[in-house]
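Participant: Starting from these lines, generate the structure:
(2 chains)
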Amino acid sequence: MKYNLLGIAVALAVWELAGRALGADLFAPPTVVFPEYVALLREGQMLRELASSLRQMIVGYGVACLIGIPLGVAMGRSRVCDALLHPWLSMFVVTSVASLVPLFILVFGTGFMFRAAIVFVASIWYVMLTVYHGARGIEPRFIDVGRSFGANRWRAFREILLPALYPYVITAMRIGLVHAIRAMVVAEMFIIVGYGGLIYRAGLSLSTAPLLALLVTLMLVGVAANALLRSGAQLIAPWYERRVVSASATQG
Amino acid sequence: MMRRVNALALTGLSLLTGLVLWEFAARDISRVVFAPPSAVLTRLAADIASGVLPLALLGSLATLAVGFLLAVVLALPLGFAIGRNAKVAAMADPVLNAIYAVPPVAMVPFLIIWFGLFFEARVALVFLMSFFEILVTVAAGARNVDPMLLAVGRSFGAGRSRLVTRVMLPASLPFVFAALRVGLVRAINAMITAELFLAAVNLGALMKHSAQRFDTAGLLAVIVLLCLVGLAAQAGLKSLEARLLPWHVRQ
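Facilitator: Prediction:
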């Protein structure tokens, strides 16, 4: 914890020094960004755009979780589902969201559907992939023990498989959220609307302070959402954290 | 063996069903809005034969190579240093998390200010998007080296440098490969993102022209090509891993 804070302090100090050396038109230091940040908060447009962008993102992300989690479980527990779905998963995971943007604009226009669809496509495959690895990795012993104590398939699923999956589901939601936020910004910057549009327009101004202020807000949103989901995982299954981290790191 | 054949058959069946559904959906709704796979494939073949697509791809890959290599060369040693030192790791952790939370595309205005609209800016975006991904994965790998392996090495009298080269490096190689695979996919994403968001060139320019003419077959041809490049990159790194790290049996 002490070193965490020290790390943040060092990063801020480096940012300040670099900012002073380069000047606000290249890289505004924190002491310049902070007043700008307060001004943007007061003015209110930043938070309004953020709220409306996040509302649209939540729809695409929510649908992706609702569909992706059960599909991931099915893939992890059934060879047939795995064989049927895996090729699509592999293809879409390597496909860049940005490359889909021009196509989606032609199909959906530039309204709500476009943004929700981009966020959906960007996050569902990562949700599926993470849950899939989790569902595959569950110790067969757990289920065997349940079976030998007389649990039928449904009970084994509900009382053994599901609890063992919770931490992976939360990790999947975390990873999906990172991709959902990225996709939201990609889509909005491309057509210059919403929060992404604000970022794009801020890039045209002479000082980099407003741009950095917008990025800081985005950073705070990401970190806060991540912390929320992480503490949820800690609450539900504290013993899993390490295992999930090492598993998801090697399997990409 | 039988099982494998069955799985392959199911995979093929799934792909075929998807293509057929897409074909009929595209035909029934409207060819203009969404090209059917037959049109996309003929388009892909025609654009490859005419040399337009390969030439654009080559230009794009040049950006990719420079940015990705820079990221690898810098991120690997840095990742090891962070992973093997608990204090440094604790210091870097919140900062890396914070940077990781910012979507790289949001950095594009910055890249324009610093590097302009052309080659340097594209390389910078590729670098940015793959660097942190590789760094975080390698750091996790270096941290997770089995302490037992290090203890065995030590009790057999290995000094610090031998411990690093003979135990730690090989033990974290699977993570290095995982980092390279994830990083390369991100780098390919960054490559096309840069070409669409900065000055449109190469594959990005092809996509923009197709989009302006409502030519979804042309758009999808580029998307399919990019997808194939991504899959090939993954497969290439996986087979390299299997050859170099035969002891690391996966699945």
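
Participant: Neighbours of the residue of the stretch 151-251 of chain B found nearest chain A, how many?
Facilitator: Going by C-beta to the nearest C-beta, chain A is nearest to B:Gly230 of the stretch 151-251 of chain B, at 3.0 Å. Backbone N, C-alpha and C define where each C-beta goes, glycine included. B:Gly230 sits with 21 neighbouring residues when counted by other C-beta atoms under 10 Å in any protein chain shown.

Participant: The stretch 151-252 of chain A against chain B: which residues are in contact?
Facilitator: Residues of the stretch 151-252 of chain A found near chain B (C-beta under 8 Å from any C-beta of the partner chain) are A:178, A:181-182, A:184-186, A:189-190, A:196, A:199-200, A:202-204, A:208, A:211, A:214-215, A:218-219, A:221-223, A:226, A:245-246, A:249-252.

Participant: out of the residues you listed, which are buried?
Facilitator: Among those, those classed as buried by neighbour count (16 or more other C-beta atoms under 10 Å in any protein chain shown) are A:178, A:181-182, A:184-186, A:189-190, A:196, A:199-200, A:202-203, A:208, A:211, A:214-215, A:218-219, A:221-223, A:226, A:249-252.

Participant: from those residues, which ones fall inside helices?
Facilitator: Among those, the residues falling in helices (DSSP state H) are A:178, A:181-182, A:184-186, A:189-190, A:196, A:199-200, A:202, A:211, A:214-215, A:218-219, A:221-223, A:226, A:249-251.

Participant: neighbours of whichever residue of the stretch 51-200 of chain A sits closest to chain B, just the number please.
Facilitator: Residue of the stretch 51-200 of chain A nearest chain B, by C-beta to the nearest C-beta: A:Val94 (3.0 Å). Number of residues near A:Val94 (other C-beta under 10 Å) recorded here: 22.

Participant: Name the nearest residue to it, sequence neighbours excluded.
Facilitator: Leaving aside its chain neighbours, A:Val94 sits nearest to B:Gly230 (3.0 Å; criterion: C-beta to C-beta, 6 or more residues apart in numbering or on different chains).

Participant: wait, what's in contact with B:Leu53?
Facilitator: When the contact criterion is C-beta atoms under 8 Å, 6 or more residues apart in numbering or on different chains, the partners of B:Leu53 are B:44, B:47, B:206, B:221-222, B:225.

Participant: Which member of those residues is positioned nearest A:Val73?
Facilitator: B:Leu225 (32.8 Å; C-beta to C-beta).

Participant: Just give the closest residue to that closest one, not the sequence neighbours.
Facilitator: B:Leu53 (6.2 Å).

Participant: Equivalent analysis for A:Thr110, please.
Facilitator: With C-beta to C-beta, 6+ apart, the residue lying closest to A:Thr110 is A:Ile191, at 4.9 Å.

Participant: mind listing what the one you found touches?
Facilitator: A:105, A:110, A:114, A:197.

Participant: Can you say which of those are buried?
Facilitator: Buried among those (16+ other C-beta under 10 Å): A:105, A:114, A:197.

Participant: Can you list the residue ranges for helices in the chain?
Facilitator: I'll assume chain A. All helices of chain A, identified by DSSP H, fall at A:2-22, A:30-43, A:45-77, A:79-94, A:97-108, A:112-136, A:140-148, A:153-156, A:162-191, A:194-202, A:209-236, A:241-251.

Participant: my bad, chain B
Facilitator: Using DSSP H, helices in chain B cover B:2-29, B:37-49, B:52-84, B:86-101, B:108-115, B:119-143, B:147-155, B:160-162, B:169-197, B:202-212, B:216-244.

Participant: The second one near chain A at all?
Facilitator: If I follow you right, that is helix B:37-49. No: using C-beta under 8 Å from any C-beta, we find that helix B:37-49 stays clear of chain A, coming within 11.0 Å at best.

Participant: quick one: buried residues of that helix?
Facilitator: B:37, B:39-41, B:43-44, B:47.

Participant: Give me the nearest residue to the residue of the stretch 1-150 of chain B at minimum distance from chain A, chain neighbours excluded.
Facilitator: Of all residues in the stretch 1-150 of chain B, B:Pro109 sits closest to chain A, at 2.3 Å by C-beta to the nearest C-beta. By the measure of C-beta to C-beta, 6+ apart, the closest residue to B:Pro109 outside its immediate chain neighbours is A:Gly203, 2.3 Å from it.

Participant: Okay, that neighbour and B:Asp215: tell me how far apart.
Facilitator: In this view, A:Gly203 and B:Asp215 are 30 Å apart by C-beta to C-beta, to the nearest Å.

Participant: try A:Met219
Facilitator: From A:Met219 to B:Asp215 the distance is 38 Å (C-beta to C-beta).

Participant: near chain A, which residues of the stretch 1-150 of chain B?
Facilitator: Proximity of the stretch 1-150 of chain B to chain A, by C-beta under 8 Å from any C-beta, involves residues B:3, B:6-8, B:10-11, B:13-15, B:18, B:33-34, B:87, B:90-95, B:97-110, B:112-114, B:137, B:140-141, B:144.

Participant: let's see 6 Å
Facilitator: The stretch 1-150 of chain B comes close to chain A at residues B:7, B:10-11, B:14-15, B:33, B:87, B:90-92, B:94-95, B:98, B:101-103, B:105-106, B:109, B:137, B:140, B:144, as judged by C-beta under 6 Å from any C-beta of the partner chain.

Participant: residues touching the residue nearest the centre of chain B, list them.
Facilitator: Chain B has B:Val185 as the residue nearest its centroid, 0.9 Å off, counting by C-alpha atoms, centre = their mean. By C-beta atoms under 6 Å, 6 or more residues apart in numbering or on different chains, the contact set of B:Val185 is A:94, B:230.

Participant: And A:Leu218, by the same measure?
Facilitator: Neighbouring residues of A:Leu218 by C-beta under 6 Å, 6+ apart: B:Val102.

Participant: Do you know the pLDDT at it?
Facilitator: pLDDT recorded at A:Leu218 is 91.

Participant: what do you get for B:Phe131?
Facilitator: Looking at B:Phe131, the pLDDT reads 94.

Participant: So it is in contact with B:Ala71, correct?
Facilitator: Yes: using C-beta atoms under 6 Å, B:Phe131 is in contact with B:Ala71, at 4.1 Å.

Participant: Settle it for me: which of those two has more neighbours?
Facilitator: Applying other C-beta under 10 Å to B:Phe131 and B:Ala71 shows that B:Ala71 carries more neighbours, namely 27 against 24.

Participant: where's that one relative to B:Leu226, distance?
Facilitator: Counting by C-beta to C-beta, the gap from B:Ala71 to B:Leu226 is 19 Å.

Participant: now do A:Met219
Facilitator: A:Met219 is 29 Å from B:Leu226, by C-beta to C-beta.

Participant: returning to what we had before: may I see the contacts of A:Ile191 organised as TSV, with pLDDT added?
Facilitator: Below are those laid out as TSV (pLDDT from 0 to 100):
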residue	pLDDT
A:Ile105	91
A:Thr110	88
A:Phe114	93
A:Gly197	90
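
Participant: How about the contacts made by residue 115?
Facilitator: No chain in the question, so chain A it is. For A:Arg115, the contact set (C-beta under 6 Å, 6+ apart) comprises A:56, A:187.

Participant: Chain B, not that one
Facilitator: B:121, B:124.

Participant: again, but for A:Phe27
Facilitator: So A:Phe27 contacts A:18-19, A:208 (C-beta under 6 Å, 6+ apart).

Participant: Which one of those residues is nearest to chain B?
Facilitator: Chain B lies nearest to A:Thr208 out of those, by C-beta to the nearest C-beta, at 6.7 Å.
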